[in-house]
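need coordinates for the following:
(chains A, B, C and D)
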Number of protein chains: 4
Amino acid sequence: MEEFSAGSALSALADRPGDGTITKEQLLLSGLAHSAPAVPLQLTRSTNITPGLRYRNLGKSGLRVSNIGLGTWPTFSPNVSEEQAEQIIVLAVESGINVFDLSEAHSGTRAEVELGRILSRRGWKRTSFIVTTKIYWSTRSEERGLSRKHIIESVKASLHRLQLSYIDVVIVHKADPMCPMEEVVRAINYVINQGWVMYWGTARWSPVEIMEAYTNCRQFNCVTPIVEQAEYHLFCREKTELYMPELYNKIGVGLMAWSPISMGLSQGKDDSSIQLFSRASFRNKYSSFSWTEDETAATNKEGYGWMKERIQPEESRRHSERIRELNGLAEKLGCSLTQLTIAWSLKNESVQCLLLGASNVEQLYENIQALQLIPKLNTNMVQDIEKILENKPSRPPMVSTLALR
Amino acid sequence: MEEFSAGSALSALADRPGDGTITKEQLLLSGLAHSAPAVPLQLTRSTNITPGLRYRNLGKSGLRVSNIGLGTWPTFSPNVSEEQAEQIIVLAVESGINVFDLSEAHSGTRAEVELGRILSRRGWKRTSFIVTTKIYWSTRSEERGLSRKHIIESVKASLHRLQLSYIDVVIVHKADPMCPMEEVVRAINYVINQGWVMYWGTARWSPVEIMEAYTNCRQFNCVTPIVEQAEYHLFCREKTELYMPELYNKIGVGLMAWSPISMGLSQGKDDSSIQLFSRASFRNKYSSFSWTEDETAATNKEGYGWMKERIQPEESRRHSERIRELNGLAEKLGCSLTQLTIAWSLKNESVQCLLLGASNVEQLYENIQALQLIPKLNTNMVQDIEKILENKPSRPPMVSTLALR
Amino acid sequence: MEEFSAGSALSALADRPGDGTITKEQLLLSGLAHSAPAVPLQLTRSTNITPGLRYRNLGKSGLRVSNIGLGTWPTFSPNVSEEQAEQIIVLAVESGINVFDLSEAHSGTRAEVELGRILSRRGWKRTSFIVTTKIYWSTRSEERGLSRKHIIESVKASLHRLQLSYIDVVIVHKADPMCPMEEVVRAINYVINQGWVMYWGTARWSPVEIMEAYTNCRQFNCVTPIVEQAEYHLFCREKTELYMPELYNKIGVGLMAWSPISMGLSQGKDDSSIQLFSRASFRNKYSSFSWTEDETAATNKEGYGWMKERIQPEESRRHSERIRELNGLAEKLGCSLTQLTIAWSLKNESVQCLLLGASNVEQLYENIQALQLIPKLNTNMVQDIEKILENKPSRPPMVSTLALR
Amino acid sequence: MEEFSAGSALSALADRPGDGTITKEQLLLSGLAHSAPAVPLQLTRSTNITPGLRYRNLGKSGLRVSNIGLGTWPTFSPNVSEEQAEQIIVLAVESGINVFDLSEAHSGTRAEVELGRILSRRGWKRTSFIVTTKIYWSTRSEERGLSRKHIIESVKASLHRLQLSYIDVVIVHKADPMCPMEEVVRAINYVINQGWVMYWGTARWSPVEIMEAYTNCRQFNCVTPIVEQAEYHLFCREKTELYMPELYNKIGVGLMAWSPISMGLSQGKDDSSIQLFSRASFRNKYSSFSWTEDETAATNKEGYGWMKERIQPEESRRHSERIRELNGLAEKLGCSLTQLTIAWSLKNESVQCLLLGASNVEQLYENIQALQLIPKLNTNMVQDIEKILENKPSRPPMVSTLALR
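Sure, this is the predicted structure:
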């Protein structure tokens, strides 16, 4: 992983303790410096069987997905050639990955076009892979809000670009508070009844919004959602750990997780990954449900300038220390911090599929190897990590309304 | 606006007080005379942003419409060339209008054919505009009543004429008391499930009929209507002000309003607009839900001869006076009476979209400028208008059935 | 009407009283003889407006049908040329008839092919006519019973033969006691949802079977039937008069009536029509719901030999007398007995559409004229007919189950 | 039947009593030896009417199936030429058989391709035959589990291979405990609503799983299953005799039965059929619901080696004796043991259709003749068989939960 290994030149900085005036970049680079010694796992390639790769039912549906999927956002980015992108897809397929996730919010519509071309060229059996794509809307574009018109048009356009007769899972990106949930679930049911879509899910919806969708599906006899796509990593834990198990148990909504680290977003920008990685830690613990696409869009255009706002010196110092300690653990395990982070996320049984992203074959290969780390994360190791993180989420106690009188 | 500015030659008449024998035309012309001094707003054209243009959800649906739409009845009329019509459509689009309303009752099927040709020629993205058209039936034609057969045939024919794969909102024009509501909502649901239609609404339905449709939709799990199209202006207020807010709050049915004035129906006939405009004032206040298409059809063929029946002298005089006072207000605001009327209608939050009509580009441009008047209609101004109109609708008190014993 | 006017040569027979040994044919011929003097109404043809022709909603649906329809069974029979058939169809259309009823049980599949060709050749607007056809099944054919498979295959085959994109009303001919009603209503709902059929109805179903279908439609949210096709004439009254009004009021199922007389079945066989006409009178009053297609098929092949079984002499005499008296009434009204019978059936408001059949243009024309008789059937006249028939149906009294203890 | 008639050379073996060390093959061959004298029924071929062939409604559906159907697994096997296969199909059709059952689990996808070609070549009316095929899934293939994706893909692929526009009955082979029943019934309902499938059923589902499917269909307003395909023969009786009558009466699910004997699986391998035939007798009486496709697949590849495991000597001796006694009965009736077994299965009214298999025309012809045996299986004969079998299934008594306290 470049973002860790390329950091050695900057290690001097890392030794400087936080003094309250240090910039956020410097602080984060200090974390980066510590990650340098870690040597990523480099196992021999075995294209047939990837140790640790499993197939699981996504949510309580019958659809069986590999526990790691390919998040194609970094793959179909401007600085990756179509040939390279194809190699990444091929490696994923050969490793047993059957999920390809597309995200209009991040990579625009080009990803669908390119993935469609690769799938068509390779001629893989349609039954052997699963394509998930988004219904994306923004207040700025002419597709204002999550209307029936937009949902239907969006699915038709995706099918056209992908050259497929159906999408496996369509993910509704962001709920629209102005659009009645009945309209959304009926429109989704329509595209499913047309045979254009097999399943549906959500991304960046709150648990209450997901429950509301479920209730509306039950009321109008529509197909219920099977998955929420959410950010999950060492520093962003509440939604996945506190709320998703309940949603899974009660209404069968599973979890497809991703994180800036698992997506390999730092490719070629040495420091950015750790910035992204640690950023959530500076936020209020209970509000950080997700990392928004507006911010990633900003990142794509403007770099990480928006992160330069000053943070509290004490907080900075603590964060820097945690990164250093995690790096120590990774070193002991003989892996990179990225691999440790991926394995730690996969260890959580709520995560039915973790999206990995890559902008080159090597990066994907290294990240896949993280699967082999999972058995090494035993109880002691997990406890050690918790001790370092000190962010195990817990629900605020339910206060009896009686007591409030 | 020609109907006002051309009236000066007739101003002598206006000074003559009503004497009981004066004809309706004369009376109305007196109003026209007073409107002459008003200078319509002529702001510089800015094609990108029209100040005051907003997008709102239509009813409680996710469909976002511009607060003004184009009612195409006057645009696709015999005395407007196809080239002129196209220019009007283009101005609407450039002004940010995304709603085009078609009305078979008024302009026949030709409007659909011409609009379809323009849309196809211009190649605008299907996601960027909204076409609303009517299911129209009459006791005289062979399409007798609002049967499933007629609804389906009507939608198929509209799609064919428009060269579109779907209609955004299909409006059922008039309820058919002889046809069960279940049949109507099932047939509408069918055309929606076929993908031919996205949403549906009603025109000239009573609140009770709309509630009945809603109840049937709920009973048979069909898609509920999102909009009623109704007449609304200074002299036709009850339905919009008394009943539509309740329908919106309870069942999510919004309002698309129109009026003879906003439709610019007087083009080239100096006096007719004011006739239409004021006509409602001579009716019983509580019965004037709408201005019927039979009457407009009669208008198209026979001019306004049907209006020549005598009216009460006292009423005539009062009406004439009101028009004069409103003109005074408009003058103060630096706009035409038509613009004042449009702005006043848009000021009502129940009106999610007001249809403007035009038979030439200038007329549409002038009417659009009325958007900029809205902020000027402050509380005082609105009170002044109420004082002039003296027609603020109120519901008759609900008499307890107990009290009636 | 040939069956009446050609009978004069046989009038001698008619004077002979029934003696217990007289054959059924002789008996019926006596009725025929009496009808000879009646001169059928021969009004000048006015192709535009047929006096008395009305459009009514079929059942409680929105579909508006002419009060007389064309039952095409005799039209598409082997001894009518395609050219003659087309002339009959054209006369029907010009007279304002908009219903064409096809019956596989009687005329096989050829009728659909020929009607399809005529409709296509004439190019009438699809909105202007209504085609009703049957789903027919027999225990003898390979289409055994009323399965989903058979219903779907049958509708597809009819559409293909008719060259139409949809059938207006599909009539399920005979209920299948072996097939669950749920399967029938779901299959019908399927063909409606496919757009292949607009409405559905039944033929020769008992009131209980119709209620069962309705209940199943309600349970499974399927489209309910709108019409029962039943035999109705002077001598077959119970179903129509006792049960259909209740079905109409409670569940909106209307009535499309037919009778051997109205179908003009006697064409070219002087005596057969009256045989058919009067046959029902010899049956048990409460069991004669309908005249079965097995019998008509037998008639087509074997003539009326099956009718030659002896009947009770007293009954024969009474029947003969009634025919004579009815002929007397017809004579007074200046019409044929057939016309009287048609007018009498149409007088019943439960009959929304009466099917007329014809094997030539003149026959149809004469029968249509019966519409003008309806106003002449005033209260006195109706009472006179009742006195002659003595068969006004009444329900057996409902015995209280309490009383039975 | 080869498996019986070719056995004479081995008759010496048969006289040797079981001694506890005899192999299973030897044991079974002893049964075979006894069957040698029996002469199979060889009636003159009458292609039009097969005595005893009846049409019955499958479950409580309207679909009428012949009481014997063709299980095509042995027909489309590698050692039968396409020409021979076609002759078998033709004989079936000429005998009045209208059911053709396909089984991907056993013969792979080739059977669909070949049957499709034959049906297309012969040009039989689509209404005259019924094709049933399976939705098959295995944990080993990439079609993991019974997902919506797999059900839809599977049906589409079958239609393509069969060159048909619809499958009459799609059979879901094995329930998937990991897939929610709601997803299964909704996906099945989808393929029915697409017109690709007319009916659906199950194979190898437990009664509880069938009830669960039914309950889900009722909850989500989906089409209910009409048939379970189950193994049924002299030595495998519980499911059919104890549970299927209740499922039929309560939820209308009928039975399509098959057995290794009726499928003629021993073609060319003298002893295997009896092995299969008797195998169930060595199992625990209440667990032998069905004979799994994994075992038949093993059989196809490896022969019956898996059966060579030793069994208890006493049990072997008893089984050998029973086969001998049944052969005696068959001899008395003048038929083969296979024919007796077929007739005995058909005698059970729960069996609406018994699948016969054949790898050549003679074999099928002989098995069909078993229909004529049914009337000979009178009460005495049935009692004699019961006495021999001693395996009449009975439900364990329901123990009151109260009594258990």
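
residues contacting the residue in the stretch 151-300 of chain A that chain D sits nearest to?
Residue nearest to chain D within the stretch 151-300 of chain A (CB to the nearest CB): A:M198, separated by 4.9 Å. Glycine gets a C-beta too; all of them are placed from N, C-alpha and C. Going by CB atoms under 8 Å, 6 or more residues apart in numbering or on different chains, A:M198 touches A:63, A:166-169, A:192, D:147-149, D:152.

same deal with A:A203?
Taking CB under 8 Å, 6+ apart as the test, what A:A203 contacts is A:134, A:171-174, A:228-230.

what's the local residue count around A:R161?
Neighbour count for A:R161, taken as other CB atoms under 10 Å in any protein chain shown: 20.

what helix or strand is the residue nearest to it when sequence neighbours are not counted on?
Once flanking residues are discounted, A:R161 sits nearest to A:E112: 3.9 Å by CB to CB, 6 or more residues apart in numbering or on different chains. If you go by DSSP states H and E, A:E112 is part of helix A:110-122.

list the contacts of the helix or strand just after that helix.
Using DSSP H and E, the next helix or strand after helix A:110-122 towards the C-terminus is strand A:130-135. For strand A:130-135, contacts defined as CB under 8 Å, 6+ apart pick out A:63, A:65, A:69, A:98-105, A:112, A:115, A:119, A:146, A:150-151, A:154-155, A:158, A:162, A:164, A:167-173, A:201, A:203, A:256, D:149.

so which of the residues you listed are in helices?
A:104-105, A:112, A:115, A:119, A:150-151, A:154-155, A:158, A:162, D:149 (DSSP state H).

where is pLDDT lowest across these?
Ranked by pLDDT, those bottom out at A:A105 (73).

what's the neighbour count on that one?
Neighbours of A:A105 (other CB under 10 Å): 19.

wait, it sits on A:Y136?
Yes - counting by CB atoms under 8 Å, A:A105 touches A:Y136, with 4.9 Å between them.

so what sits against both of the two?
By CB under 8 Å, 6+ apart, the residues touching both A:A105 and A:Y136 are A:H173.

for the stretch 301-405 of chain A, give me the ranges with low pLDDT.
By pLDDT under 70, the low-scoring segments of the stretch 301-405 of chain A are A:301-312, A:397-405.

again with the stretch 1-150 of chain A
A:1-49, A:139-143.

recalculate using a threshold of 90.
A:1-50, A:77-79, A:103-109, A:136-145 (pLDDT under 90).

for it, which segments count as strands?
A:55-57, A:64-66, A:68-71, A:99-101, A:130-135 (DSSP state E, counting those that start in this stretch).

do the same with the stretch 151-300 of chain A
Counting by DSSP E, counting those that start in this stretch, the strands of the stretch 151-300 of chain A are A:167-173, A:197-203, A:227-231, A:254-258.

okay, strands next: where are they in the stretch 301-405 of chain A?
A:351-356.

tell me how many other residues surround A:P396.
Neighbour tally, A:P396, other CB under 10 Å: 7.

on that earlier part again, nearest to chain B among the contacts of A:M198?
Using CB to the nearest CB, A:I192 comes nearest to chain B of those, at 12.2 Å.

could you check how far the closest one is from A:P225?
For A:I192, the distance to A:P225 equals 11 Å [CB to CB, to the nearest Å].

hey, what's in contact with both of these two?
Both A:I192 and A:P225 are contacted by A:199-200, under the criterion CB under 8 Å, 6+ apart.
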